[in-house]
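**Q** Sequence first, then the predicted structure:
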Amino acid sequence: MNTKSATPPQGRFGRLLHNIVRYRVLLLMLLPTSIIFFINCYIPMFGLFIAFKNINYIDGIMGSPWAGLDNFRFLFATSDALRVTINTVGYNVVFIISGLILSVSLAIAINEVRNKLASKFFQTVMIMPNFLSMVVVSFIVYAFLHPEYGFLVKHILPMFGYSSVNAYMHPEAWPYILWITKMWHSIGIGSVIYLAAITGISEELYEAAVMDGASKWQQITKITLPLLTPIMVILTILNMGGIFRSDFGLFYHVTLDSGALRSTTDVIDTYVYRGLIQLNDLGMSSAANFYQSVVGFFLVIGANALARKLNRDTALF
Amino acid sequence: MTTASRSNPYTKGSTTAQIILNVFFIAFSLACILPIVLIVAISLTNEKALTLQGYKFWPDHIDASAYQYLFKHSETLVKAYGVSLTVTLIGTVLAVLLIALYAYPLYRKDFPFKKTFNFYLLITMLFSGGLVPFYLLYVNYLDLKDSLVALILPGLSNAFYIFITRTFFQQTIPEEMIESGKLDGASEWRIFFQLVLPISLPVLATIGLFTTLMYWNDWFNSMLFINDTNKFSLQYVMIQMIRQAEFFKTQLAGTGVALMVQESVPTESLRMAMVVLSIGPILFIYPFFQKYFTKGLTIGAIKG
């Protein structure tokens, strides 16, 4: 490969062939992962058309008869579609906005901690919840909410005059429970990203501000926040692209998949999963799956276009 | 770099502010740790005390009988640990190697197909077929039901980690190094394994930690593809345990069956002991990798 070819090959095809031979080793390096991506991502993309089929396991994907838009008609005729859409989007919007506010506040606050050792300790601990699986998190929530023995139920609620409460039967409580769980799991790690951006801000700006008599609060609102705004905006827009997808574990395990809670906890992902695995309702499930994938695609494209308009460097593509 | 707090005197707040800040963060840290402590406490509480007093942070007597029981009747546990370990080890090694192998050509400025393969990755981040076709492909066409391959293969495709690794290569490996390697007559493989990989340890450790956690914490693929009890992963066994508990509680409450079942089904402290054993390894490796992953996370987040 270190021999330069004497005459550059002519024509598009010739050049292509030449490059393939010349870079065969690099191409070989790319091969295994390319195949894996083909299996895991590309083939399923083409499988989306099964939403238009009356699919059954015996005839398989190809053999099953076409169903036209029937699956979609059934899906949108039920109240399910509206409910899971509202839940999915609602939770995501709340998670994105409150996650942003809390992560940025935490990052600004921890940046003000003078003791390096303490600061490092706090960061280490804050990130830890993120390393627990949602199954473990579901046990933690259960330990607090267990109808008879739960820490909250047994020791805290009685102080306010409540006796035994089975939270797993009360759907109206779950938006709050899931919100607290999600924030507990994710804001620590979210703040690390903003902290990195803050430490990148030039010291001189603050020095100059102090010379001009700026208070701490003014430094934060006039320097830190404006300089963080671009990354806040971009990350938020990119998160908006994922608004049709949810943290499956949060909605499935933490709620213990309790049927009584569905009105406030069922999201598109859990709906598709249940349709596929538990109910074996492939038609409905694949229609919901298609709906999620296609809307999700346009949201990502739109979000990225918006991000690109605001700042070329930060957009995904 | 993320852990540095400002040392310059101009930006320091007052001592009172420092006290308030520290108190706040101590409280916040406790909020992050205490729920885990509660789980540990329950696992160490006597079963009778649990039913009388509920879950508490401080057991009256430490009682390790749940752990003793687990170690005695631990066939399921040992098997599940074995499955999780195998999947995590093989998965992580494969994933890190494959990610580096894909990221490296994308970093090479002279590689003419760079754009094509970048694009090939990008598409996977934008558009997904979703669960149903993925499931049917694995079960009906690849015949991976009840196969450990079904637990490893899905985790191997991660475009995001490839981009992080590529960015790391771009920032730390000078082109001249590759050039001089070539001039010395080293093959591409040799350059990759003996020059590139050794100086890329920080990013490999970051990706390695992320993939280890992903495989260790994975329950979704088990839930989808595994029916054979011998191949349950640790997380999946835990799912079964918490579901069973709730099932018996709600369905059979007050009936004679409930009492009977209570004798044979894993008890409260036993279930929490299982959780403790499943998070143990994570808490153990976490401090070793911590310094790498904040850096890796930052690179990835800012320059996707």
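**A** The structure has been received and is ready for your questions.

**Q** Closest residue of the stretch 201-304 of chain B to chain A?
**A** Distances between the stretch 201-304 of chain B and chain A by C-beta to the nearest C-beta are smallest at residue B:217, namely 3.4 Å. Backbone N, C-alpha and C define where each C-beta goes, glycine included.

**Q** these two touch, right, that residue and residue A:137?
**A** No: here residue B:217 lies out of contact with residue A:137, judged by C-beta atoms under 8 Å, at a distance of 10.2 Å.

**Q** what about these two, which has more around it?
**A** Using other C-beta atoms under 10 Å in any protein chain shown, the more surrounded residue of residue B:217 and residue A:137 is residue B:217, with 23 against 20.

**Q** quick one: pLDDT of that one?
**A** We have a pLDDT of 93 for residue B:217.

**Q** do the same with residue B:17
**A** For residue B:17, pLDDT reads 84.

**Q** list the helices and strands the lowest-mean-pLDDT helix or strand in chain A packs on?
**A** When each helix and strand of chain A is scored by mean pLDDT, DSSP states H and E, helix A:60-63 comes last, with a mean of 72. Contacting helix A:60-63 under the criterion 3 or more C-beta pairs under 8 Å, 6 or more residues apart in numbering or on different chains; DSSP states H and E is no other helix or strand.

**Q** Buried residues, that helix. List them.
**A** Buried residues in helix A:60-63, counting neighbours by 16 or more other C-beta atoms under 10 Å in any protein chain shown, are found at residue A:61.

**Q** what's next to it, contact-wise?
**A** Residues outside helix A:60-63 that contact it (C-beta atoms under 8 Å, 6 or more residues apart in numbering or on different chains): A:47, A:50, A:53, A:55, B:136, B:140.

**Q** same deal with stretch A:117-130?
**A** A:106, A:110, A:113, A:137, A:184-189, A:191-192, A:195, B:2-3, B:5, B:22, B:25, B:28-29, B:32-33, B:35-36, B:283, B:286-287, B:290, B:294.

**Q** if you look at those residues, which of them are in helices?
**A** A:106, A:110, A:137, A:184-189, A:191-192, A:195, B:22, B:25, B:28-29, B:32-33, B:35-36, B:283, B:286-287, B:290, B:294 (DSSP state H).

**Q** rewinding a little: buried by neighbour count, from the contacts of stretch A:117-130: which ones?
**A** Among the contacts of stretch A:117-130, those scoring as buried are A:106, A:110, A:113, A:137, A:184-189, A:191-192, A:195, B:2-3, B:5, B:22, B:25, B:28-29, B:32, B:35-36, B:286, B:290, B:294 (criterion: 16+ other C-beta under 10 Å).

**Q** so where's the stretch 1-150 of chain A shaky on pLDDT?
**A** A:1-9 (pLDDT under 70).

**Q** which stretches of it form helices?
**A** A:12-22, A:24-37, A:43-46, A:60-63, A:70-77, A:80-111, A:116-127, A:134-145 (DSSP state H, counting those that start in this stretch).

**Q** how many degrees apart are the first one and helix A:24-37 in direction?
**A** Here the directions of helix A:12-22 and helix A:24-37 differ by 90 degrees (axes from the mean of the first three to the mean of the last three C-alpha atoms, to 10 degrees).

**Q** tell me which residues of helix A:12-22 are tucked away?
**A** Those would be A:18, A:22, for helix A:12-22 by 16+ other C-beta under 10 Å.

**Q** Quick check: which element contains the nearest residue to residue A:139 once chain neighbours are set aside?
**A** Setting aside the residues directly before and after it, residue A:139 is nearest to residue B:275 in space (C-beta to C-beta, 6 or more residues apart in numbering or on different chains), at 4.9 Å. Element membership for residue B:275 (DSSP states H and E) is helix B:268-302.

**Q** quick one: that helix to helix A:134-145, angle?
**A** Using the same axes, to 10 degrees: helix B:268-302 against helix A:134-145 is 130 degrees.

**Q** circling back to that earlier point, for residue A:156, see how far away the residue of the stretch 201-304 of chain B closest to chain A is.
**A** 29 Å (C-beta to C-beta, to the nearest Å).

**Q** before we move on, the earlier item: can you tell me which of the helices of the stretch 1-150 of chain A is most buried?
**A** helix A:134-145 (a mean of 24; mean count of other C-beta atoms under 10 Å in any protein chain shown).

**Q** then the least confident helix or strand of chain A to CSV, C-alphas only?
**A** The C-alpha trace of helix A:60-63 is given here as CSV (Å, rounded to 0.1, in the frame of the first residue of the first chain):
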residue,chain,number,x,y,z
GLY,A,60,-44.6,-15.3,7.8
ILE,A,61,-43.9,-11.7,6.7
MET,A,62,-44.0,-12.4,2.9
GLY,A,63,-46.8,-14.8,2.8
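
**Q** Pull the distance from that helix to the chain's centre.
**A** Here the centre of helix A:60-63 is set off from its chain's centre by 32 Å, with C-alpha atoms, centre = their mean, to the nearest Å.

**Q** Also stretch A:78-98?
**A** Using C-alpha atoms, centre = their mean, the offset of stretch A:78-98 from its chain centre is 13 Å.

**Q** That stretch and chain B in contact?
**A** No: figure legend: stretch A:78-98 not in contact with chain B (C-beta under 8 Å from any C-beta of the partner chain); closest approach 13.5 Å.

**Q** Can you tell me what sits against that stretch?
**A** Taking C-beta under 8 Å, 6+ apart as the rule, stretch A:78-98 contacts A:75, A:175, A:178-179, A:182-183, A:236, A:239-240, A:242-246, A:251, A:263-271, A:284, A:288, A:291.

**Q** same check, this time on stretch B:86-100
**A** With contacts defined as C-beta under 8 Å, 6+ apart, stretch B:86-100 is touched by A:32-33, A:36, B:148, B:151-152, B:155-156, B:158, B:161-162, B:165, B:192, B:196-197, B:200, B:204, B:207-208, B:211-212, B:215-216, B:218, B:233.

**Q** residue nearest the centroid of chain B?
**A** Geometric centre of chain B, nearest residue: residue B:213, 1.6 Å, by C-alpha atoms, centre = their mean.

**Q** Touching, that residue and residue B:282? I think so.
**A** Yes: contact criterion C-beta under 8 Å: residue B:213 and residue B:282 qualify, at 6.7 Å.

**Q** which ones are touching the residue in the stretch 151-300 of chain A positioned nearest to chain B?
**A** Closest residue of the stretch 151-300 of chain A to chain B, C-beta to the nearest C-beta: residue A:154 (3.0 Å). Neighbour list for residue A:154: A:148, B:53-55 [criterion: C-beta under 8 Å, 6+ apart].

**Q** Now a PyMOL select for only the buried ones of these.
**A** Entered in PyMOL, the line below selects the buried ones among the contacts of residue A:154, by 16+ other C-beta under 10 Å:
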select buried, chain B and resi 54+55
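
**Q** Present the contacts of residue A:154 as JSON lines; the columns should include secondary structure and distance to residue A:307.
**A** Below are the contacts of residue A:154 laid out as JSON lines (DSSP: H, G, I helix; E, B strand; the rest coil; distance: C-beta to C-beta, whole Å):
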{"residue": "A:148", "secondary structure": "coil", "distance to residue A:307": "49"}
{"residue": "B:53", "secondary structure": "helix", "distance to residue A:307": "53"}
{"residue": "B:54", "secondary structure": "coil", "distance to residue A:307": "49"}
{"residue": "B:55", "secondary structure": "coil", "distance to residue A:307": "45"}
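
**Q** so which of the contacts of residue A:154 comes closest to residue B:185?
**A** Nearest to residue B:185 out of the contacts of residue A:154 is residue B:55 (C-beta to C-beta; 66.9 Å).

**Q** Just list what the helix or strand residue A:206 falls within packs against, helices and strands only.
**A** Assessed by DSSP H and E, residue A:206 sits inside helix A:203-211. Counting contacts by 3+ C-beta pairs under 8 Å, 6+ apart, helix A:203-211 packs against helix A:216-219.
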